[in-house]
Every structure is written in C-alpha cells, then in structure tokens.
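Asker: Structure for this input, please:
(chains A and B)
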Amino acid sequence: MDSTEARLDRIRGKVPPRNHNARTIAALSSNPGCARRAIMDAAGADKQRLAAHAGFPAGFGQSQFAITRGNAFEAQVKANGCAELLRLLRDQLRLPIPEVSYDNLEEVGGDASRELRHARTRHLLMRTAASGRDAGTLFDHPLLRLEVGGRAVYLEPDLIAFRLNGRFHVVEIKSFAVIDGQADGGKVAAAVIQSAVYVLALRQLLAELGIGPDAVADEVILVCPENFANQPTAAALDVRKQLTVLRRQLARLQRVDTLLDLLPAALTFDLDPDPAGTPRRPAADLADAVRAVPARYAPECLASCEMCFFCRDEARGATAALGRAVRDELCGVEHVASVLSLARGADPGPGELAEAAQVLRSAARLRQEGLGEAV
Amino acid sequence: MSTLTSLARALAVERGRAQPLCTVRHLHVSDRPLVVVPLAMAGEANAPLAAMAGDDPRSPALLVVSQPRNRDDRFAFAAELADVIVPYIEGFLGAEEAVPGGPGREPRTRLADAPQLLVPSPAGIAFVRLLGRSTRFRRAEGPYPVPERVPALGRWLTFLAERAEYPGSSLLLAATDALAGHWASGQSPAEDLNLAALAGWIEPPDGLSGWEAAAAAEDPLTWPPAGPATDPTFDNEVLAPLIAAHDQARAAGDIAAMGRVRTRLEQALASQLLPTWRLMWRAVELLRGLPPGGHVGMRWCADKDVFTGYVDYLREGGPPQPRRDTAVAAARRLATLERLLAACSAQRAFDDPLVMAEFRLSGEAMAGPVTAAEPGRQDTSGPRRKLRPHITMETSDPVLLDLGAVLSSPARPRQEARVLSVSAAGAGRTRVVLELAGGMGRGLAAAPGSVPEVGEVVCYATFSDGYQRPPAFPELADTPWTHGGPPPAYVPSDEDAREVWS
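Answerer: Numbers count the residues shown, from 1 in each chain, chains lettered A, B, ... in the order given. Below is the predicted model of the structure:
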C-alpha cells in the first residue's frame, strides 16, 4: 500500500500543490461531510482548473479594484512599522502597549521555503513565549501549520500577532467598511471564522512547544475602514464560539487516509498537460474521476468552493440542492422524485417515511385545493 | 418558507418551470414605478460606479462615474441621481385625497399617491441605504458644499430604505424578493437572488426549460450581474483600463481624450446595465399580471400615510435621520415590525387560499364543509338573549385547536367563532362545533347569508386580519434610565456634513 502522501501526490498529478489558507479551511469546516473537497484540498489540487476542464468553470475571480483597495488599506495600517495599528490598539482599545518593533516573517534571508519560514516563526514565537515578558514585537505574516483531516497544512495568514500581558493576540486587517458601528454581517462572520482558524493554528504551534492554549487570547482584533473614509477603526471580537465550531468540524472531518481507502487506487486528477501546458485528458474522463469521490453539495458551496457548479449539476434532483431548509421542510426525503411520488399517494412502506408521506400528501391536497390544479 | 412552498419548489424541479406560490399579488405595483439599477465599485464601502434609472422603460437615464474613487465625481453622481429621483418623488406632492374619519378619528387628507422605487435585489436596497447615509448629512453651504438636492436625495433614500424593512410596505421593493414571494423556482433561495436566473425560471424563453434559462443567466457575458456588484472579469478586462485611460487623460488635461474615453465607459457600463434594466420591467409586468389581494390597497394606503407624514416633517424643517435610533425609537420600531409581520401574514392568508393552506397544514387554520347548522340558536343564560348560532364542520386538515379558542374566517372577517368541541369523525376527519358571534345584524335573527349554511365550505383561522393596538411606549423625554435616560436632541453637526467620502 502506498503512503498517504504518495497517493495524494498521484491524485493531484504532475502539478505543484496549492496551499490551504484560512479561507479554504473555513470553507472546509462549513461542509465537513464533503469527501470530494477534503480529498482535493488535502492533495492540493487546483480545483478551479479541474472544474473548468470538466466543463463547469466557476467564476471565483476577484476584481482588481477590490484587491487594490484591500492592499492599499493594509499597507496604510502597516505603514511606518504599523504606526496606525499601534495608535488604534493604544487609543481605541486602550491596550497598554510599550514601544514595539515590527518583524515581517514573510521573507527569511531571501529564502521563502515553507519549512524554513515555519521554523523561523516557531523559533521566534517560542523565544517570545519563553522570555516570560512581552517582547514588544509585532509579528507579521507568521507561517503557521494546522492539522486538517489528519494532515498538517501550512497556512499563509495575513495577520499580525503580538504578545501583551503574557498572551498572544491576533490582528486581522479587512477592507470592508464599518458604518456607524455596523458592518456587513456576512463579511464579519467570515473574518471572525478566519481569525479563529489563526487562533487555533497559533495554539497548535505553541502546544507543540509545550505551551498551553491560554497563551493565545480568545479575542481577536479586527481592523476595518470606518464609515466612508479610509480611516481605520479597530474592534475586539470574541471568537470562542467560532473556535468551538471549528474544533468540532475539524474533528468531524474524516481522516484523509480513511477516505483514500474507499477510492480506487489508480485515481488521479492529472490533466496530462502537453509541453505547452494544454490539458490532453478528455473532459469526460476527468469528470468520471471526480465523480469517484463522493461530494455533499449544498447551495452554500456556491459561495466557497470552485467545484460548486460541477457538484450542483450532479446533485440535480436531490432535495439538498434546494437548500437545507427546503430539504427539512420536505421531511428530509432525499430526492425530489420521491417527494413528489409520496405527495401523490405512493405507498411509503413501513418505517420512517410513513410520517413524511402523510405530511406530503396533506400538502399536496392543500395545494391542489388552493390552486385548483393537480399536483 | 413552509412545506407547501418547498413542495412547489419540488414541482418546479420536475416541471422545469417556476410554480405559483400565490393566487393573488400581495404587494402594490405602482402605475409609474421608478426603476433604479445601481452599480458600485468592488472593494469600496459605497462608491457608486453607474446607475440606470427612470420611470419609462424606453428611456432610462444612464449615470456614469469616471473615477469612483474621486470625491467630486461621486458627488456629481449623487447630484445626477438626485435629478432623477427627487423630481420623481416630488411629483407626488400635489394631489391629495380625503380620508373619512372613524370612531375616535378625525377626517383628514393625505397625498393621493406615493412613489415606488424598484431595485433588482436586497443588495440594491442596501446600496440605497448606504447612499442615503453618505449623502443625507451634506450641506449646500460651508466647506465641501454640494447641490441642495444631494442631501434631499439622501433623506429620501434613507426614508425609503427604512420603510423597506416594514412588512407589507411597497415604497421600495427588491425585484427578486417580489418575484420569489409569488413563484417558487426549482433552485435554492440563495440562487433566487440572481434576478436573471429567477426570471428565467418564471418565464423561460421559448424552447428553453427553467434549468437552461437559469444556467444561461449565470453566464456574466450574456447576463451581467444585476448589481450593485459587478462581474470581476468585466472589472479587470474592461473597466480598469477605461478608468485608467480616463485618469490619464484627466491628468494630461486632454479634454477631447477624456470625452472619448467617457463615451466608451458609458457604452461599456450601459452594456452591463441594460439587460437588468429590461429584466426589471419584465418583473413589473409579471407582477402586474397577478390580480391584487384584498388587503393590498389598505397596505398601500398605510404607505401613503407614512409618505405624507414624512413630507410634513420635511416641510416643518425636520433634521435628517440620525445615525443611530434612540432607545425609544428603536423599541417602538421593533414592536411595529413584529406587529406588522403578524398582521401582514394574516392578511395574506385571508386574501389567498394558497397562503391559507400553509396555515391549514400547520394546524393554525382549517377548512371543510358545514354538516349541521342552528342559525337561530340563542344564548339565554344571561339577563339578555343573544343570538349565538352553532355550526358543525368537518375537516381533513390536521386540527390543533384548544377548546374555547376564538377563530375567524376570511369569508366573514367581522364574525367570531368559538370552538365548542373537537371530535374524530372517522376516515382521518375531524368534527368541530363552533359558536358564532357578531356580524349577523342587529336583531335576534341572523341576517341572510351571515351564518354558513349546511354544505358551504368554510375556513377558520386562529388569527384574524383585524386591527391590533400598538403597545404603548414612553415619550422620548421619559426614556427610562435603563435605556440611557432621555437622549440629547439630535442636531446634525458640521462634522456630519464634512464627513470624508473617499
């Protein structure tokens, strides 16, 4: 039997692996039952490219306006050794932060290999933690590692960590606006869950060094533009709830090797590119390979997974494709065809469908009465 | 959302076409609505990029911002939009209508009609709210002066966006909400937020199924997003180079080049807006195709009352809406929202048997034939005889009624029915005996038709569409200390007016 690494390498094919980031982990944990996404992410497959080649390209492009604005805002907050950020932490959140230095961990002497960067992050954080006092450093771009589905994945966080009163704090900079003290709920929720991923990864790193979870604060600091200007504002957010959710979801994520055991040994998503990089693998063949890994599609996938259109097409006729609420209201019956045949009086047989059948028949009768047309 | 609406979705999946959720229309559609399709620049808090607006499907006004990050360009856009929206709204300030008085109410007058703004989706309503917020505090004098109509626009947009939160209000509507409230598509509610996809399910082009029409609608090349967010590929490949070219021409002071780029920018943005513009008017036609429900006119009158009230407030020189509600205003508003939600849901059920069916399925209403009636029965227990007919009805609906519960019926809304007994009638049916009171005339014999006869199919619900008294709230000056005590009077500050919009 091949090692898990070797199998994942074969599944990915002859392309470099793609890194996880907090966004992909947050997305993964929002649908932990999806083996397809778990395998593809574990293998570092290029989902966008695969979906496109299988005939279901998903537009997850980002507007350059949004990117420019995000970068500009971040640069503004971090300019001059994070002067703006320090002002917010001191004045707005009233944190007694002494004189600090700023250390960007993105580059390690010109070499940016992940192992090296992670090692440096570990070393510096350990030294700070061991020193017993607040070393007065803002660590930018630490490279973290998190156990996902039984495998360690590197995280490229866009965050700043600093230590105060013996605890590390995570700062997340986002460019959506907070207007009159209120921001878009969906965006805040996404930012908070991403920050929770960082808190978790930071705790895991410190745990490896024998340092308890208390060393990382439950509160993260979110920095956003205020109102319609570019002036930043900061808010402390409690992520304990998100941490609980995340831990539970990550624990529920099946171990990748267990998932692999159920898949054909020769499975690969390799596109067999010619020297110019054009895929030679027939689309139908790739689609068959993708279908060999079971998916669990839900409409939420449309916002977070590049494979969404492929899986949606596959899930056509399933009540889950209409959304969790609709499926629940249809008494959890799995397929639209069964819903309708039960509604039209089909015998549910003994067992759990009997009650569903009764509700659906009543619904069909009432709809027919109200509309005067057969269901 | 209920089992019935979900069943309609299942049917839409099977039939490849949206299925009706209502037999009547539950919102008001103006004879002359103002359609506004706004676009905003990605990544910015509220940077208008373009808009198509107007009350005539054949001649929309196209508004374009050449550099959405430029403050002056933004305010120029706000002024142009104000030129479309403010005169439209002020067009309703003339004609008044008389409202007859009632018990405890003086006769009065109100504006005879009110404006109606239509945007593509809930995100469009959010845009209206934000644009209102960023313009309503501006001033025509002092530093950074803006044209007088810009703050006027801001107040109106804020007023409309606030009203849009009230159940049953039709002053500002999102087309996707309006359509999805009346038709069930074969896709998820999240996908219904795409106006083109939803319209594709409701009215697929010839030869296409709802599936195919919705899939086509997801291609941003044929159906650009209905906004305010634009297609990222359009941003990167078309918009960014044009904006850069315009910046360059402006920096060089090359007026001719600016004009040329501007024309191309307008063409590009028009191509993004026109499909949605047409779709908006198709949505209007689809909604007009449904007959209005019985209570729609009443709810529109409430809208007219609120509109008239705000016009009066403005005429008295009231300041712009504050950034945050006071405690009393917030509590009053929440209570009103709850009350309206309940009232509106009851009214919809009374207007529409298909909506009532949802309540019958959940046991909050029942329908069936009358099997026995004593129309002349009198209650002689008290000092005065009272006409209290009894009727017996049988229903197949799941009945979850308490003895003594008071029910009402859409057919006789002014009559109360008290549940006297509930018993099984065999074959899954339930027999219910009801005692009727009210709505039968003054004498001791029921007026003809006021008591259901044997054989008539009747429907009774545990709720009624009647007026409910709003709860009492303290005056602003009596705000309890638990809520911060009486708030200082809101005075718009110079700071509000000068706020950066960058």
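Asker: contacts and neighbour counts: CA atoms only from here.
Answerer: Noted.
Asker: so where's chain B shaky on pLDDT?
Answerer: Residue ranges of chain B with pLDDT under 70: B:467-470, B:494, B:498, B:500-502.
Asker: just the helices in it please.
Answerer: B:3-15, B:71-90, B:122-135, B:149-163, B:175-180, B:195-202, B:210-217, B:232-234, B:240-252, B:255-288, B:296-315, B:327-351, B:353-361, B:494-498 (DSSP state H).
Asker: Reformat these into TSV and put mean neighbour count and distance to chain A next to each item.
Answerer: TSV is the format used below for the helices of chain B (neighbours: other CA atoms under 10 Å in any protein chain shown; distance: least, CA to the nearest CA, whole Å):
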stretch	mean neighbour count	distance to chain A
helix B:3-15	24	5
helix B:71-90	19	10
helix B:122-135	22	7
helix B:149-163	23	14
helix B:175-180	21	14
helix B:195-202	28	14
helix B:210-217	21	10
helix B:232-234	19	4
helix B:240-252	16	8
helix B:255-288	18	15
helix B:296-315	17	19
helix B:327-351	18	11
helix B:353-361	24	5
helix B:494-498	15	11
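Asker: which helices and strands does the helix or strand of chain A with the lowest mean pLDDT pack with?
Answerer: Between all helices and strands in chain A, the lowest mean by mean pLDDT, DSSP states H and E belongs to helix A:22-30, at a mean of 74. Helix A:22-30 sits against helix A:185-208, helix A:240-252, with contacts defined as 3 or more CA pairs under 8 Å, 6 or more residues apart in numbering or on different chains; DSSP states H and E.
Asker: Now do that helix against helix A:240-252, angle only.
Answerer: Going by axes from the mean of the first three to the mean of the last three CA atoms, to 10 degrees, helix A:22-30 is angled at 70 degrees with respect to helix A:240-252.
Asker: just to revisit the earlier point, same list, the helices of chain B, but as CSV with distance to residue A:10 please.
Answerer: CSV is the format used below for those (distance: least, CA to CA, whole Å):
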stretch, distance to residue A:10
helix B:3-15, 38
helix B:71-90, 53
helix B:122-135, 44
helix B:149-163, 54
helix B:175-180, 45
helix B:195-202, 39
helix B:210-217, 33
helix B:232-234, 33
helix B:240-252, 40
helix B:255-288, 43
helix B:296-315, 63
helix B:327-351, 57
helix B:353-361, 53
helix B:494-498, 61
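Asker: Which among these is found nearest to residue A:372?
Answerer: helix B:353-361 (9.8 Å; CA to CA).
Asker: List the residues that contact residue 25.
Answerer: In the absence of a named chain, this looks at chain A. Shown in contact with residue A:25 (CA atoms under 8 Å, 6 or more residues apart in numbering or on different chains): residue A:197.
Asker: that's the wrong chain, I meant chain B
Answerer: Here residue B:25 is in contact with B:182, B:287, B:290, B:291, B:292, B:293, B:296 (CA under 8 Å, 6+ apart).
Asker: wait, isn't the last one in contact with residue B:26?
Answerer: Yes - look at residue B:296 against residue B:26 with CA atoms under 8 Å: they come within range, at 6.0 Å.
Asker: And the helices in chain A?
Answerer: A:4-12, A:22-30, A:35-43, A:47-53, A:64-87, A:114-131, A:185-208, A:240-252, A:256-261, A:283-291, A:308-314, A:324-329, A:336-343, A:353-371.
Asker: so which of these is the most packed in?
Answerer: The highest mean neighbour count among those belongs to helix A:35-43 (a mean of 23), with neighbours defined as mean count of other CA atoms under 10 Å in any protein chain shown.
Asker: What is the distance between it and the centre of its chain?
Answerer: 12 Å (CA atoms, centre = their mean, to the nearest Å).
Asker: got the angle for it vs helix A:22-30?
Answerer: Calculated by the same axes, to 10 degrees, helix A:35-43 forms an angle of 150 degrees with helix A:22-30.
Asker: Which residues does helix A:35-43 contact?
Answerer: Contacts of helix A:35-43 (CA under 8 Å, 6+ apart): A:8-9, A:11-12, A:17, A:20, A:28, A:32, A:46-47, A:149, A:151, A:253-254, A:256, A:259-260, A:290, A:293-296.
Asker: Over to stretch A:283-303?
Answerer: Contacts with stretch A:283-303, where a contact means CA under 8 Å, 6+ apart, come from A:31, A:33-37, A:53-55, A:263-264, A:267-269, A:271, A:308-309, A:311-312, A:315, A:320-324, B:188, B:190-191.
Asker: what's the answer for stretch B:130-142, then?
Answerer: With contacts defined as CA under 8 Å, 6+ apart, stretch B:130-142 is touched by A:228, B:46, B:78, B:145-148, B:150-158, B:320-321, B:323, B:492, B:496-498, B:501.
Asker: now what about the strand ranked longest in chain A, what contacts it?
Answerer: Longest strand of chain A, by residue count under DSSP state E: strand A:216-225. With contacts defined as CA under 8 Å, 6+ apart, strand A:216-225 is touched by A:73, A:167-178, A:192, A:195, A:199, A:202-203, A:231-240.
Asker: 7 Å instead, please
Answerer: Contacts with strand A:216-225, where a contact means CA atoms under 7 Å, 6 or more residues apart in numbering or on different chains, come from A:167-178, A:195, A:199, A:203, A:231-240.
Asker: which stretch in the helices of chain A is the model least sure about?
Answerer: When the helices of chain A are ranked by mean pLDDT, helix A:22-30 comes last with a mean of 74.
Asker: Which part of the stretch 1-150 of chain B gets nearest to chain A, residue-wise?
Answerer: Distances between the stretch 1-150 of chain B and chain A by CA to the nearest CA are smallest at residue B:43, namely 3.8 Å.
Asker: what's the distance between that residue and residue B:186?
Answerer: Distance of residue B:43 to residue B:186, computed by CA to CA, to the nearest Å: 32 Å.
Asker: Of these two, which one has the most company?
Answerer: Ranked by neighbour count (other CA atoms under 10 Å in any protein chain shown), residue B:43 and residue B:186 place residue B:186 first, with 31 against 20.
Asker: Report the contact partners of the more buried one.
Answerer: Residue B:186 neighbours (CA under 7 Å, 6+ apart): B:9, B:10, B:12, B:13, B:18.
Asker: ok, so what distance separates the second one from residue B:19?
Answerer: Plainly put, residue B:10 is 9 Å away from residue B:19 if you go by CA to CA.
Asker: Break chain B into its domains for me.
Answerer: B:3-326, B:365-461 (automatic domain parsing).
Asker: Need the contact partners of stretch B:456-474.
Answerer: B:332, B:343, B:346-347, B:364-370, B:406-409.
Asker: Quick check: residues of chain A near chain B?
Answerer: Within reach of chain B by CA under 7 Å from any CA of the partner chain, chain A has these residues: A:61-66, A:69, A:176-177, A:180, A:228-230, A:299, A:321-323, A:326, A:329-330, A:336, A:362-363, A:366-367, A:370-371.
Asker: Give me the nearest residue to residue B:359, chain neighbours excluded.
Answerer: With sequence-adjacent residues excluded and distances taken as CA to CA, 6 or more residues apart in numbering or on different chains, residue B:359 is closest to residue B:365, at 5.3 Å.
Asker: The one you found is in contact with residue B:355, isn't it?
Answerer: No - between residue B:365 and residue B:355 there is no contact under CA atoms under 7 Å: 10.8 Å.
Asker: Now residue 322. Nearest residue, chain neighbours left out?
Answerer: Let's take chain A. Per CA to CA, 6+ apart, closest to residue A:322 is residue B:188, 4.1 Å.
Asker: actually chain B
Answerer: Excluding the flanking residues, the one nearest residue B:322 by CA to CA, 6+ apart is residue B:490, at 6.8 Å.
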